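K.L.:
What follows is a predicted protein model with its sequence.
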Amino acid sequence: MRTKNFAYHLLALFVIAATLLAACGAPSATEVPAAATDAPAAATDAPAATEAPAADPMAELIAAAQAEGTLTTIALPHDWCNYGEAIETFKAKYGLEVNELNPDAGSGDEIEAIKANKDNTGPQAPDVIDVGFAFGESSKAEGLIQPYKVSTWDSIPAEAKDAEGYWYGDYYGVLSFLVNTDVQPDVPQDWADLLDPKYNGQVALSGDPRTSNQAIQTVYAASLANGGSLDDAQAGLDYFAQLNTAGNLVPLIANNGLVATGETAVRITWDYNALAAVDSFEGNPKAEVVIPATGRFAGVYVQAISAYAPHPNAAKLWMEFLYSDEGQTIWMKGYCHPIREADMRERGVIPADLLAKLPDVSGAVFPSLAQLNAAKDLIVANWDSTVGADVQAAP
């Protein structure tokens, strides 16, 4: 349980002048393994040229991962946070295969995949998960994930990670509207606009609010713009009930393909998904991304390794890659705000063009873990009775 204000610290994270936040805690047995043996000390009179080179602290982990040969991921669409480049770079860098399960799954599906494959070492058992912030602690409590502290552990803010290393924040985004302007040229600027009859049959969520973190947090965000608060998400359920009754809510899980065809002209999604979609459309169709004027909501995702991972060393190497400067930069190229951004800004290692591409999300709020859990429980339990829309994937 966190005792500090989560919103304050994460917002401070991404100010250019932010101070590097150091985490406390001694290294654990699950940190990057050192080389099996230390190089022998050189004799004092030996020439410098004959001294043994320093051992690569990653060498043992790389070798162990390559012996396993494969990493199994789940719920990582290639257009989500630039995961396509991340996966391909990881494969090329370390010579591992990546078995990609159900790219369009939600956070709840990822957790269920671990539970369903506890005794399965086959290709359906995920090694790693990337889930909504609220799912990290619950997965730890259920014994579904294992601890591992990456070598860049100290530069991950304490408020965005489990002190024992069971889960840690990776990136965050702000909910936005992705609009196909060929179909709907009148671009909505705020949540209230979506209730207008002109958007009849045009608005879609990016998941099922009964299982998807992104969809749950979309309902939560709507509450902030409609009289609710971080401590009460009921207004979000009431808002979506109005949207559904008006006929504006399409009961389909939206993706970029459905936006491109106009089947869902307005997709509510994280800003990094929306901005990447506009790039991929290349002007056909024309599209715009709007950060709503009110109810600006920032969502953090977290990484974790399954307690039942068939390839635990490949999983650890994947974490090392994602939390390296290289991995964090790849996420930023996909318009995501990486969790180690403050540290990277301080060291001047982020290309200026990447910083310039990110939208203004000033005023976005970051709920605490307790608030997220309370909102998730409320929304999942009451979506059917309050809203009544059976949101499903397109056939």
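P.N.:
Here it is on my side, so go on. Note that the coordinates shown come from a computational prediction; the quantities given were computed from them, not determined experimentally.

K.L.:
Do a quick rundown of the helices in the stretch 51-200 of the chain.
P.N.:
59-68, 83-94, 107-116, 133-141 (DSSP state H, counting those that start in this stretch).

K.L.:
what comes into contact with the helix ranked longest in the chain?
P.N.:
Counting by DSSP state H, the longest helix found in the chain is helix 369-386. Outside helix 369-386, the residues that touch it by C-beta atoms under 8 Å, 6 or more residues apart in numbering are 1-2, 6, 132-134, 137-138, 209-211, 216-217, 219-220, 223, 230-231, 233-234, 236-238, 240-241, 367, 389. In this view, the C-beta of every residue, glycine as well, is placed from N, C-alpha and C.

K.L.:
Output the below-cut-off pLDDT ranges for the chain.
P.N.:
Applying pLDDT under 70 to the chain flags residues 1-55.

K.L.:
So which residue is dead centre in it?
P.N.:
In the chain, the residue lying closest to the centroid (C-alpha atoms, centre = their mean) is residue 301, at 3.5 Å.

K.L.:
Tell me which residues touch that residue, please.
P.N.:
Contacts of residue 301 (C-beta under 8 Å, 6+ apart): 130-133, 169-172, 213.

K.L.:
for it, which residues make a bridge with it?
P.N.:
Per DSSP bridges, the residues bridged to residue 301 are residue 132, residue 171.

K.L.:
In terms of residue numbering, what are the domains of this protein?
P.N.:
Domain assignment for the chain by automatic domain parsing gives 7-15+58-172+299-357, 173-298+368-386.

K.L.:
which one of the ones you listed lies closest to residue 393?
P.N.:
Checking these against residue 393 by C-beta to C-beta gives domain 173-298+368-386 as the closest, at 4.8 Å.

K.L.:
Figure out the length between the terminal residues of the closest one.
P.N.:
Domain 173-298+368-386 has its terminal residues 27 Å apart, counting by C-alpha to C-alpha, to the nearest Å.

K.L.:
Next one: residue 179 from residue 271, what distance?
P.N.:
13 Å (C-beta to C-beta, to the nearest Å).

K.L.:
Need the overlap of contacts for these two.
P.N.:
In contact with both residue 179 and residue 271: residue 289, using C-beta under 8 Å, 6+ apart.

K.L.:
OK, contacts around residue 179?
P.N.:
Counting by C-beta under 8 Å, 6+ apart, residue 179 touches 187-188, 265-266, 287-290.

K.L.:
any idea how far the residue nearest to the centre of the chain is from residue 364?
P.N.:
Counting by C-beta to C-beta, the gap from residue 301 to residue 364 is 15 Å.

K.L.:
just residue 123 next, same as before
P.N.:
Residue 123 sits 38 Å away from residue 364, going by C-beta to C-beta.

K.L.:
Show me which of those two is the more surrounded one.
P.N.:
The residue with more neighbours, out of residue 123 and residue 364, is residue 364; 23 against 12, by other C-beta atoms under 10 Å.

K.L.:
Just to check, that one is in contact with residue 296?
P.N.:
Yes - counting by C-beta atoms under 8 Å, residue 364 touches residue 296, with 4.2 Å between them.

K.L.:
how about the residue nearest to residue 102 when sequence neighbours are not counted, what does it touch?
P.N.:
Among residues not flanking residue 102 along the chain, residue 74 sits closest, at 5.9 Å (C-beta to C-beta, 6 or more residues apart in numbering). For residue 74, the contact set (C-beta under 8 Å, 6+ apart) comprises 100-102, 105, 109-110, 113, 126, 128-129.

K.L.:
One more pass at 10 Å, please.
P.N.:
Contact analysis of residue 74 by C-beta atoms under 10 Å, 6 or more residues apart in numbering lists 99-103, 105, 109-111, 113-114, 124-131, 306.

K.L.:
Of these, keep whichever come out buried.
P.N.:
99-102, 105, 109-111, 113-114, 125-131, 306 (16 or more other C-beta atoms under 10 Å).

K.L.:
hang on, the earlier thing: quickly note the distance from the residue nearest to residue 102 to residue 167.
P.N.:
Residue 74 is 15 Å from residue 167, by C-beta to C-beta.

K.L.:
Please apply the same query to residue 238.
P.N.:
Per C-beta to C-beta, residue 238 is found 32 Å from residue 167.

K.L.:
pretty sure residue 220 is in contact with residue 191, am I right?
P.N.:
No - if you go by C-beta atoms under 10 Å, residue 220 and residue 191 don't touch, sitting 11.9 Å apart.

K.L.:
Pull up the overlap in contacts between those two.
P.N.:
Common neighbours of residue 220 and residue 191 (criterion: C-beta under 10 Å, 6+ apart): 175, 236, 295.
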